[in-house]
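**Student:** model the following, please.
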Amino acid sequence: MPSSLRSNRFILIALLPALLIFVLFAVLPILWSIYYGFFQWKGMGDAKFIGLGNYREMLQDPVFWRALRNNLILVVSAIVGQIPIALAGALLLTANTWFNRLIRSALFMPMVLSTVVIGMIWGYIYNYQFGLLNQALTLLGLESWTQAWLSNPKLNMYAVSIPINWSNIGPYLIIFIAALQNISSEIHDASAIDGATGWRKLVSVTLPMIWGTVVVTIVLCIAGSLKAFDHVIVMTGGGPAKSTELLATYMYNSTFAVYRYGYGSAVSTMILLISLLLIGLNMAVTRRKSS
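**Tutor:** Got it, this is the predicted structure:
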C-alpha cells in the first residue's frame, strides 16, 4: 500500500471521533429542529403535522419582528464595535506601556468571566438607584442624564449591546494578533522605505494583508450576534414589554415557557436561515470589494 494512502487513512481514522461528535451534537439537532418545525408538538405525545403553520404564525407575530430588529441592531453594533476595538487592541500589543497593558487587561478580562457574571455586573452598573453609571453622572453634575437604562425602551437595547460586545472582543483580539504576526517584517520595511507610516501604513499595507481575517471575524460577529442569549436573559429577560427580546430569547420563551416545541423548532430554523442569509450577503459584498 502506498505511504500516501496509509497517511490519508490515518488522518481519516484520527478525525472520525471528532466528526461523529460533530454530527451527533450539531448536524442531527439541526435536522431534528427543521423536521419538528413543521409539527405542532408539546414535547410529549404525538406530533401533529401542520405544514408551514408555525412559520405563518411567526411572520405574523410582532414580537418576532421586534426580536429580529434588535438582533440586527446587535449585528451592526458588533461589526462596528468589536472588530475595530479588537484590531486597535492587537496593534497596541506592539507597545509595552502601562496604558497599553491596562487596555489589554480590560479587553482580555471578559474571557475569564462567564456571561452570566458579566450580565450581573453590568446589571448593577446600569441600576437606577445605586448603579455606578448613574453615580458617576451625578458626581460629574449630569444628574439630568441619569436614567433607568434597562427600563427605557429607547435606550435599553443599546445599553445591553455594550456588555455583549465587550465580552466578545477577546477572541477577535487573539485572531488579529495572530494575523498581524504573520505579516512579514520585510513588508513593513519596504513600506517604511516608501514613506508609509501611521494611518497610511495601516490602510495601505496592514489592512489589505489581513483582509481575509477581517472577513472571517465579520462572519463570526454575525453568527455570534444572532445567537446572543445569556446577557439578555440575565439583565432584562427580554423585557420590559419585549423591548430587548432577541431571536434566541424569543425561541426560548416560545419553547420552554409555553411548551411549544414545534414552534420553537421553527424559530430555531428561521434563526439558521437568517444567519446563512446575512453571512452570504457579507461574503458577496466582501468578495466584490476584494475583486
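**Student:** just the terminal-to-terminal distance for stretch 35-42.
**Tutor:** Taking Cα to Cα, to the nearest Å, the first and last residues of stretch 35-42 lie 14 Å apart.
**Student:** what's it in contact with?
**Tutor:** Stretch 35-42 is contacted by residues 47-55, 259-263, 265-266, 268-269 when judged by Cβ atoms under 8 Å, 6 or more residues apart in numbering. Quick note: C-beta positions are derived from backbone N, CA and C, even for glycine.
**Student:** among those residues, which lie within helices?
**Tutor:** Among the contacts of stretch 35-42, the residues falling in helices (DSSP state H) are 53-55, 261-263, 265-266, 268-269.
**Student:** can you pick the most crowded of those residues?
**Tutor:** Using other Cβ atoms under 10 Å as the neighbour test, those are led by residue 266, with 28 neighbours.
**Student:** that residue and residue 58 touch, don't they?
**Tutor:** Yes: contact criterion Cβ atoms under 8 Å: residue 266 and residue 58 qualify, at 6.1 Å.
**Student:** what about residue 277, neighbour count?
**Tutor:** Neighbourhood size, residue 277 [other Cβ under 10 Å]: 11.
**Student:** stretch 274-284: which residues count as buried?
**Tutor:** 274-275, 278-279, 282 (16 or more other Cβ atoms under 10 Å).
**Student:** neighbours of residue 223, just the number please.
**Tutor:** 14.
**Student:** in the helix or strand containing it, which residues are buried?
**Tutor:** Following DSSP states H and E, one finds residue 223 within helix 211-226. Buried residues in helix 211-226, counted by 16+ other Cβ under 10 Å: 213-215, 217-222, 224-226.
**Student:** over to stretch 72-88?
**Tutor:** 73-75, 77-79, 81-83, 85-87.
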